[in-house]
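1. task: produce atomic coordinates for the following.
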Amino acid sequence: MVTYTKCQRTFTPTEIEAIKKIVADYYAEGRCRISREVCHTLDWYAENGKPKEWICRELLITLEKNGVVALPPPMAKSFNRFKKKRMFSFTEPEKVFTGTPKDHTHPQIKRTSTGEENDLWDHLVKTYHYLGYNGHIGRFLKYVAWIDGVPVACLGWMGAALKVRSRDRYCGITDNNRYEAIKYIANNFRFVILPWAKIKYLASHLLSKNVQQVRRDWKDVYNIDITLLETFIEKGRFSGTCYRAANWKCIGETKGYAKTKQSYKRHSVIKAVYVYDLQRGKEKAHELL
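-> Below is the predicted model:
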């Protein structure tokens, strides 16, 4: 009998038959209802108790491609909200902030929690970060740093990259423990100081303040106690000074490949790999296992 594996969970022939019955029973109610019912029936939940609906939909699509099930057509053409017109406006402040962090009211770093706050973060990063922003799925946290009611920086965190040779070597991650290990790692995938914030040492100051905040919030939101932070800094464009000043450690560099849906694609952009060990006093992050 054929079995299917998704994110280290192998589905038995009996479970596949259960999925086929759910698809037939809830066909008229659409893919979202089907995925929720599959997660409920097969007890497929994340650490925070939420059903793994996105991963479940990927499994359902795989089953459909292999002729196991016939899914109803998608109800929406795209889940990418950036393709929708949104009523949002932002005016750059006239004031330019200078000096050092000590010259200002202590910057407040606030996690986005409302639609308006998310729209602000999305707009600022899309506009002022050199990579822009087109949305993502999976675990993530977004933060905006404020001084006197004005946003001065944005930080974004998401789940760890699947494979990074230097990080895997540093952490003792292998193919056998990969999925269990990387869930304890968060990736700083966006960090931008906004143009009107000309404050010396602001970047390293915010990084130092944010790391423990991320750990607490990740535990609260996802019920996972992360123990390592990672980020990738494009060589030739940035030097990583603010990360080193905030006690991050450079452990190597990437090979110039990016993960696609099907495989890895070479883009030749080499990035330095930096990590921050949240378990002080331990030499290796793999002790999180």
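2. for the top helix by length along the chain, packing partners?
-> In the chain, assigned by DSSP state H, the helix with the most residues is helix 202-222. Helices and strands touching helix 202-222, by 3 or more CB pairs under 8 Å, 6 or more residues apart in numbering; DSSP states H and E, are strand 108-111, strand 140-147, strand 150-159, strand 185-193, helix 241-245. Backbone N, C-alpha and C define where each C-beta goes, glycine included.
3. how far away is the residue nearest to residue 137 when sequence neighbours are not counted from residue 139?
-> Spatially, and ignoring its direct neighbours in sequence, residue 137 is nearest to residue 54 (5.5 Å; CB to CB, 6 or more residues apart in numbering). According to CB to CB, to the nearest Å, residue 54 and residue 139 sit 11 Å apart.
4. now swap in residue 109 and tell me
-> 19 Å.
5. which one's more surrounded, these two?
-> residue 139 (20 against 17; other CB atoms under 10 Å).
6. please list all residues in contact with that one.
-> 158-159, 186, 218, 221-222 (CB atoms under 8 Å, 6 or more residues apart in numbering).
7. what's the average pLDDT for stretch 114-130?
-> Averaged across stretch 114-130, the pLDDT comes to 94.
8. stretch 174-185: which residues count as buried?
-> Going by neighbour count (16 or more other CB atoms under 10 Å), the buried part of stretch 174-185 is 181-185.
9. check stretch 230-242 too.
-> Quick answer for stretch 230-242 (16+ other CB under 10 Å): 230-233, 240, 242.
10. state the phi and psi torsions of residue 233.
-> Note on residue 233: backbone dihedrals following degrees, to the nearest 10 are phi -110, psi 120.
11. any idea what it is bridged to?
-> On DSSP bridges, the residues paired with residue 233 through beta bridges are residue 272.
12. residue 228: how many residues sit nearby?
-> Neighbours of residue 228 using other CB under 10 Å come to 23.
13. quick check: which ranges of the chain have low pLDDT?
-> 1, 76-87, 257-267, 280-289 (pLDDT under 70).
14. check which helix or strand the closest residue to residue 60 other than its chain neighbours maps to.
-> Spatial nearest neighbour of residue 60, excluding adjacent residues (CB to CB, 6+ apart): residue 71 at 5.9 Å. Assigned by DSSP states H and E, residue 71 falls within no helix or strand.
15. which residues touch residue 71?
-> In this structure, residue 71 makes contact with 23, 31, 34, 60-61, 64, judged by CB under 8 Å, 6+ apart.
16. make TSV from these and add distance to residue 143 and neighbour count to it.
-> Putting these into TSV (distance: CB to CB, whole Å; neighbours: other CB atoms under 10 Å) gives the following:
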residue	distance to residue 143	neighbour count
23	40	21
31	32	21
34	35	24
60	34	21
61	33	13
64	38	13
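17. identify, from the residues you listed, the entry nearest to residue 193.
-> Taking CB to CB as the measure, residue 61 is the one of these closest to residue 193, at 39.7 Å.
18. quick one: list the elements packing against the helix or strand harbouring that closest one.
-> Assigned by DSSP H and E, residue 61 belongs to helix 53-65. Here helix 53-65 touches strand 4-6, helix 13-25, helix 31-41, going by 3+ CB pairs under 8 Å, 6+ apart.
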